[in-house]
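Q: Sequence first, then the predicted structure:
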Amino acid sequence: MGKIRDNIAAINAEKERIAESCGRRGEDVLLVAVTKTRTPEEINEAIEAGITDIGENKVQEVVDKFDSVKPVRWHLIGHLQTNKVKYIIDKVAMIHSVDSLHLAQEINKRASGHGLTMDILIQINAAQEESKFGISTEETDQLIRDVLETCPNVRIRGLMHIAPYAENPEDVRIYFRQVKELYDKFAQISHERLDFKYLSMGMSHDFGVAIEEGSNLIRVGTSIFGERDYSKKQ
C-alpha cells in the first residue's frame, strides 16, 4: 500500500533538489502523475499521497475512470483525434498535445458548446522524430497565430515536448533547451488567450535534465507506479 506514496515522496525530493540547484523552488515544478493503464485504486492511492494532477494518454481511459477517481485535475497528454474531443472536453483541465489548427478548432468548437475556455499546450517535436507527434520549432509561430485568430474558446498556456529516448538523458538536453528558448519567446507576449505558464517536459527517465533546462511540469508514470503490465486487458 505504501509503495506509491514512497515513490511520490522520493520524486518530490528529487525534483526539489534539482530545482534548488538551479535557483528555483521544487514547488514551482508541477508533478503530473501519468496514469495510463493504471486502475482507479492505484490512482486514488496516488491522490491520497498528495498528487493533484493526473495525465491520461487515451480518451477512453479518461471516460472509463473519471467517475471512480477522487477529485483531481485531469490532463490529456496523449495524441488526441478530433472525433474524440467531445468525450473529454468537459472532463480535462488541460490538453497537452495540440499539434494542428484542425485539432485546435475542434477543441474550440466543443469548448464553445459547453460555455468554457479550454487550456491547451502546443506539442513540439524538436527532434522531428517520425514516431512522435508534434510540430517543428519553425512551425510554432504560425500555429499560435492561427489559433489566436480563429479559436476564441481556447487559451494557449505553454508548450509540451517529448524528447527522444536516450540511455543518457544528457544526450537530449539540447532538445529541452531548444523548446525552452521557444517558450521564453512566447512568454513575453501579452494576449488574453496567450498566457504561458507551463513548460511540460520530462518523464521518469529524463525529468532531471528537463528541470535543469527550465521545465516546470513533469509527467511521471513508471517511477510512481512501477513498470506497466501491458498484458492486462484494458
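A: Perfect, I can see it now.
Q: how about the nearest residue to Pro164 once chain neighbours are set aside, phi and psi?
A: Excluding the flanking residues, the one nearest Pro164 by Cβ to Cβ, 6 or more residues apart in numbering is Ala127, at 4.9 Å. (Each C-beta comes from the backbone N, C-alpha and C, glycine too.) Backbone torsions for Ala127, taken as degrees, to the nearest 10, come to phi -80, psi -10.
Q: Please apply the same query to Ile218.
A: Main-chain dihedrals, Ile218, degrees, to the nearest 10: phi -110, psi 140.
Q: which other helices and strands contact the helix of greatest length in the chain?
A: If you go by DSSP state H, the chain has its longest helix at helix 3-21. Where contact means 3 or more Cβ pairs under 8 Å, 6 or more residues apart in numbering; DSSP states H and E, helix 3-21 is packed against strand 30-34, helix 40-48, helix 207-212, helix 222-225.
Q: For Met201, find the nearest of these.
A: When the helices and strands packed on helix 3-21 are compared for distance to Met201 using Cβ to Cβ, the nearest one is helix 207-212, at 4.2 Å.
Q: which residues touch that closest one?
A: Helix 207-212 is touched from outside by 14-15, 18-19, 21-22, 24, 29, 163, 169-170, 172-173, 176, 201-202, 215, 218, 220, with contacts defined as Cβ atoms under 8 Å, 6 or more residues apart in numbering.
Q: Write a PyMOL command that selects only the buried members of these.
A: Selection command for PyMOL covering only the buried members of the contacts of helix 207-212, criterion 16 or more other Cβ atoms under 10 Å:
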select buried, resi 15+18+19+24+29+163+169+172+173+176+201+202+215+218+220
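Q: tell me the helices in this protein, going along the chain?
A: Assigned by DSSP H, the helices in the chain fall at 3-21, 40-48, 59-65, 85-88, 101-113, 140-150, 173-187, 207-212, 222-225.
Q: Go through the last one and flag the buried ones.
A: Right, helix 222-225. 223-225.
Q: The residues you listed into a markdown table, with extra columns for pLDDT?
A: Formatted as a markdown table, the entries for the buried residues of helix 222-225 read as follows, by pLDDT from 0 to 100:
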| residue | pLDDT |
| --- | --- |
| Ser223 | 96 |
| Ile224 | 97 |
| Phe225 | 96 |
